[in-house]
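Asks: Structure for this input, please:
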Amino acid sequence: MWRIVAAVVGLYRMVMDATRELFIRILMGILIFLGYVLLSLFIYAIMRRIMVPQKLHTLPVHLQYTPGCSDIQCPFPQAELILNGGKKLLSSGQYYKILLELEIPETNANQEVGVFMVNLTFHSTDGRYLSSSARPVMIRFKSFLLQILYTLFFAVPLLLGLWEQKQVIELVLFESYYEPYGDGALSALVTVQHHGVQLYSTQLSIEANFSGFTYYLYQWPISMSVIVIISIFVSLCTCTVLMWVSDVVRDYDEQRRAALQRRRMIQARTTGQAAQNGLGTQRRGRGRQQVGSNTALPPALEETTGSEISSEETSTVTGVEDLASEMGRGQSTPPPSITPTEGSVTSSDYSAGFNDVLSSLHTLSRELDGQEVGVANRNIRYRTGH
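Replies: Numbering: from 1, shown residues only. Next comes the predicted model:
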């Protein structure tokens, strides 16, 4: 019973932990989504603010006349407009179309003036000349009969003040004026180059010429805003995924390098242990080859540890093998006669010990061929004693 209760409690805790983790992930996903949406809107607003300036600027032009002066030496009617006061009107790097709208009454004086020139000049903040344009202006001609018919047809609106006998002329001064970067236009000087011109009002219109991506942003603001915001959102998500993938790949590379280093350390340790085990086996094999103390050996075998085998010692080992093979075939002659003394070994004991040495030499030669580590750490010297 208690086991069932414990299993149910464990399952409940596991489900609650999984639910909590899922809820946290969903909440983080929603927050990241909303954050990316707000960031996309913010980026689009800044981009539109920079790329799409105000389309149209309209400035009234108040011409300054010199009262009672009609001489040619008198200054022409002119007006100066400040373009870069508290707020800069023209955006740097943008092209503009500049028009001057003249409201001219159909008086006999204006009919007699005929053609007159209107000039527009831009100056920078330091008073430097930037650009200038001059265009001719003339009111449209109407014959005497046409004026009578026109007056009779519009008599009622004219009497009620709803209509006026005037002409509105839109004069294009700049088709494509380029506002330079840095020191742009500060002021514009409008000059009417005739003293006898009569005007009701004048205003300067500055219209931006959009092209390329800016044109689409201005002409279709809703569609382009949706497209641009979605593009920015997708770009942000793509950058986030790429950064996450790069982190995962970097962690995987670090783990792989650490595993490879551990594997190399284990292989090096295993190789060292194998070398030590081989050296110990060789030492134990050579220990079994030693002859008992009661046998007098004419050849003496001396082992010296801790030194490396040179080329002379390798040739000595080869000589030992050749001598062992010759003695095994019976080509060796017995040693010279030894006068027995008290406590010495007899000839029969000498022969038996000599045969044991031969077998030991054969065994040693085979082990030297199979164990490179043992050969590298041993120094075998062979000398013949009589």
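
Asks: need the longest strand for the protein.
Replies: For the chain, the longest strand by residue count, based on DSSP state E, is strand 166-178.

Asks: Show me what that strand is packed against.
Replies: Applying 3 or more C-beta pairs under 8 Å, 6 or more residues apart in numbering; DSSP states H and E, one finds that strand 166-178 contacts strand 95-105, strand 116-124, strand 129-137. Any C-beta I mention is one placed from the backbone N, CA and C, and that applies to glycine too.

Asks: Mean pLDDT and distance to residue 189 added to these, as CSV?
Replies: CSV is the format used below for the helices and strands packed on strand 166-178 (pLDDT from 0 to 100; distance: least, C-beta to C-beta, whole Å):
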stretch, mean pLDDT, distance to residue 189
strand 95-105, 92, 12
strand 116-124, 90, 5
strand 129-137, 90, 9
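
Asks: Any idea which of these gets closest to residue 257?
Replies: Nearest to residue 257, of all these, is strand 95-105, at 57.9 Å by C-beta to C-beta.

Asks: What angle do strand 116-124 and that closest one make with each other?
Replies: Counting by axes from the mean of the first three to the mean of the last three C-alpha atoms, to 10 degrees, strand 95-105 lies at 140 degrees to strand 116-124.

Asks: partner strands of strand 95-105, parallel or antiparallel?
Replies: strand 166-178 (antiparallel), strand 201-209 (antiparallel) (DSSP bridges).

Asks: Buried residues of that strand, list them for me.
Replies: Neighbour counts using 16 or more other C-beta atoms under 10 Å place 96, 97, 98, 99, 100, 102, 104 of strand 95-105 among the buried residues.

Asks: Quick check: phi and psi at residue 83.
Replies: Note on residue 83: backbone dihedrals following degrees, to the nearest 10 are phi -100, psi -20.

Asks: for it, what are its contacts?
Replies: By C-beta atoms under 8 Å, 6 or more residues apart in numbering, the contact list for residue 83 reads 89, 90, 122, 185, 186, 187, 188.

Asks: try residue 170
Replies: Shown in contact with residue 170 (C-beta under 8 Å, 6+ apart): 99, 100, 101.

Asks: could you redo the last one with a cut-off of 10 Å?
Replies: Counting by C-beta atoms under 10 Å, 6 or more residues apart in numbering, residue 170 makes contact with 99, 100, 101, 102, 205.

Asks: Ok, residue 76 next?
Replies: Residue 76 makes contact with 63-66, 116-119, 191-195, 197 under the criterion C-beta under 10 Å, 6+ apart.

Asks: Tell me the backbone dihedrals of it, please.
Replies: phi -70, psi 160.

Asks: re the thing from before, looking at the strands paired with strand 95-105, which is nearest to residue 18?
Replies: Nearest to residue 18, of all these, is strand 201-209, at 58.6 Å by C-beta to C-beta.
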